[in-house]
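> Following is a predicted model, sequence given first.
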Amino acid sequence: AATPRLRPRRPRAGDPCAVELEVLGDVGPGPVEVTWRFPGAGGLRVLTPGGAASVRVDAGGTVRLKIRLALLAERVEVPEGVVTARGPEGASSARVPPFEADVTFAFVLPLRGRDREMEALRGLLDGAVRGAAGAAFLYGGMGMGKSRLLVEVAREAAARGARTVSSRSQDSGLRPMRVLHDTARQLLGLVPERPRGLPAAIDALLQGDPAAARYFDAILASGEATDLDAPPLHPWLALFRASTRAGPLVVLLDDLHLADEAVLRIVLQIAARAAAESWPLLFVGAAGAPDQAATAAHRREVLRQGCADWRRRGVVFPQFELPVLERDAMEALLEDVFPGHGFKEEAPWLLDSMERITRGNPFHVAELLRRLRLGRERLVERRDGEWRLGADLTPDTIGEAVPRAFEEVVRRRFAGLSKDARAVLDVAAVVGEEFDARVVAAAAGSERDVEAALAEMEEAEILQAVPGPDERYRFWSAMAAPVARRD
């Protein structure tokens with residue numbers, strides 16, 4: 001029973017830019033490391049950081065791992081892969097059957113227009129590997145590419161042999177420390193399916209520090225800390241210090257504008273201590289700027305001010321405000337999607353229209369190009385080996401492609417919901433872009449069913465909880481509720 005056994009499931013389409021492979025593993029007690037590889041797949045890139053995962057369990061059971069694979073060509077024949085698990089008393093492997101995937105569900109654009117930021121982040125990664133700890137923060141509105149940069153950092157970290165953990169803030173008002181709690185669970189090698197592995201995992205990592213062990217045993221078992229106004233710093237320092245003993249560690253924290261102020265202070269304090277004591281540790285955080293969320297804007301400003309305070313003490317944490325894409329970056333992306341095109345001669349207005357419609361927002365640019373490349377209207381076609389604009393694509397009609405593309409994005413998120421959650425979604429969309437959960441519950445039926453549906457939609461990032469005493473939610477995009485109402 002101590003030797004792990006794995007059963008891979010058939011790969012399935014995940015989102016429009018990746019294939020997701022789910023692996024169920026039956027493992028015995030003790031620490032287990034799972035690795036995966038797909039030899040000979042030139043058009044394949046593993047998005048899941050590191051290509052490996054460590055799982056600690058105190059008894060036999062099943063763990064679930066998800067591996068995301070980006071396809072870099074229009075059609076990829078993915079050869080047989082191998083998943084291997086190593087436990088205290090041995091190792092075993094399982095094969096992943098070959099499969100074929102195409103661009104209709106694998107649309108991954110190269111990173112363009114972010115050379116300055118990536119050069120600086122690579123320098124920070126190199127420093128962390130050498131023991132020069134630090135932190136960096138990315139700022140930008142919706143669609144500016146913050147999460148994409150975090151993915152690229154994870155890939156670069158894996159290439160340098162660094163371990164990566166990532167977490168996303170979700171301000172529910174009930175778990176304000178969630179982003180750090182989720183990070184702690186990953187550092188302890190825990191997964192949601194194996195919560196009873198907590199005591200053994202804490203003892204294994206924090207041996208010799210009983211105070212820190214007691215703290216994490218209490219907050220991770222209950223799901224929340226009891227001293228939110230002033231969480232103790234020592235246990236978090238002990239956790240991250242211990243986690244870097246095995247090698248460089250990169251911690252990616254997304255949506256920090258939704259995190260509690262205590263989280264922001266703790267992250268900066270850990271980074272500063274790590275820099276002073278030369279731990280091989282790097283934090284990279286991302287914070288958005290939602291126009292309608294005053295609390296989120298305030299927290300983003302708290303983060304900025306915290307970095308300024310540490311700078312006055314001689315500790316510099318680089319900050320990057322992500323700009324819109326310049327024309328040359330959009331021109332490069334156009335070439336990436338339509339290699340060898342002759343649009344400059346055929347349609348000299350095309351780039352001007354792209355600039356005007358997207359305003360350089362990377363997400364808008366990507367969705368427009370995806371619409372041109374994959375849309376049913378065949379706005380761009382390949383004829384006689386060359387890319388040509390369709391007769392219906394003009395300076396006037398190209399603007400219609402963007403709203404339709406966004407509707408497709410919204411509907412793809414809706415498609416993954418259960419039947420009950422979709423029914424509650426329809427009611428919430430009628431109530432408004434921001435709503436009180438009690439109002440939706442009264443209109444939709446059972447309060448328990450509505451609570452489960454709202455949790456499912458929050459997990460799917462369709463809804464965001466609104467801070468405050470009432471249980472209020474808002475749709476993640478202003479377009480989401482209108483699309484649901486039209487449907």
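Arrived safely. Numbers count the residues shown, from 1 in each chain.

> show me the contacts for Phe216.
Ala184, Leu188, Ile202, Leu206, Pro235, Leu239 (Cβ atoms under 8 Å, 6 or more residues apart in numbering). The C-beta positions use only the backbone N, C-alpha and C, and glycine is treated the same way.

> run the last query once more with 7 Å
Applying Cβ atoms under 7 Å, 6 or more residues apart in numbering to Phe216 gives the contacts Ala184, Ile202, Pro235, Leu239.

> Okay, and it sits in which element?
Element membership for Phe216 (DSSP states H and E) is helix 210-222.

> Next secondary structure after that helix?
That would be, after helix 210-222 and using DSSP H and E, helix 234-243.

> hang on, the earlier thing: so for the helix holding Phe216, what gets flagged as buried?
Ala212, Ala213, Tyr215, Phe216, Asp217, Ile219, Leu220 (16 or more other Cβ atoms under 10 Å).

> As TSV, these with distance to Arg312 would be great.
As requested, the buried residues of helix 210-222 are exported to TSV (distance: Cβ to Cβ, whole Å):
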residue	distance to Arg312
Ala212	30
Ala213	35
Tyr215	30
Phe216	32
Asp217	37
Ile219	32
Leu220	35
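
> So which one of those residues is the model least confident about?
Looking at the buried residues of helix 210-222 by pLDDT, the weakest one is Leu220, with 70.

> Which residues does stretch 352-364 contact?
Contacts for stretch 352-364 (Cβ under 7 Å, 6+ apart): 113, 143-145, 324-325, 327, 330, 365, 368, 395, 398-399, 402.

> And those residues, which of them are buried?
Buried by 16+ other Cβ under 10 Å: Gly113, Gly143, Met144, Gly145, Val324, Leu325, Met330, Val365, Leu368, Ile398, Val402, out of the contacts of stretch 352-364.

> ok, so of the residues you listed, who is nearest Ala391?
Using Cβ to Cβ, Ile398 comes nearest to Ala391 of the buried ones among the contacts of stretch 352-364, at 13.0 Å.

> Once you drop chain neighbours, what's closest to the closest one?
Once flanking residues are discounted, Ile398 sits nearest to Ser353: 5.0 Å by Cβ to Cβ, 6 or more residues apart in numbering.

> wait, doesn't Pro231 sit right on Val263?
No. Between Pro231 and Val263 there is no contact, the gap being 8.6 Å when judged by Cβ atoms under 7 Å.

> Now do the shared contacts for those two.
Met177.

> The two: who's more crowded?
Ranked by neighbour count (other Cβ atoms under 10 Å), Pro231 and Val263 place Val263 first, with 25 against 20.

> is it possible to export the contacts of stretch 352-364 to TSV including distance to Gly340, secondary structure and pLDDT?
Converted to TSV, the contacts of stretch 352-364 look like this (distance: Cβ to Cβ, whole Å; DSSP: H, G, I helix; E, B strand; the rest coil; pLDDT from 0 to 100):
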residue	distance to Gly340	secondary structure	pLDDT
Gly113	22	coil	93
Gly143	28	coil	80
Met144	29	coil	87
Gly145	26	coil	87
Val324	27	coil	90
Leu325	22	coil	93
Arg327	20	helix	93
Met330	17	helix	93
Val365	20	helix	86
Leu368	20	helix	83
Pro395	23	coil	80
Ile398	21	helix	77
Gly399	26	helix	67
Val402	25	helix	59
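
> Which of these lies at the shortest distance from Glu434?
Nearest member of the contacts of stretch 352-364 to Glu434, counting by Cβ to Cβ, is Gly143, at 20.4 Å.

> where are the low-confidence patches of the stretch 101-250 of the chain?
101-108, 170-176, 189-201, 203-204, 221-230 (pLDDT under 70).

> 50 instead?
103-106, 172, 174, 191-195, 225-227 (pLDDT under 50).

> What lies in contact with stretch 234-242?
184, 187, 205-206, 209, 211-212, 215-216, 266, 270, 273-274, 279, 281.

> again, 10 Å this time
By Cβ atoms under 10 Å, 6 or more residues apart in numbering, the list of residues contacting stretch 234-242 from outside reads 133, 180, 183-184, 187-188, 202, 204-209, 211-216, 218-219, 225, 249, 251, 263, 266-267, 269-271, 273-274, 277, 279, 281, 283.

> Look at the closest residue to Val427 other than its chain neighbours and report its pLDDT.
Leaving aside its sequence neighbours, Val427 sits nearest to Ala444 (Cβ to Cβ, 6+ apart; 4.5 Å). The model reports Ala444 with a pLDDT of 82.
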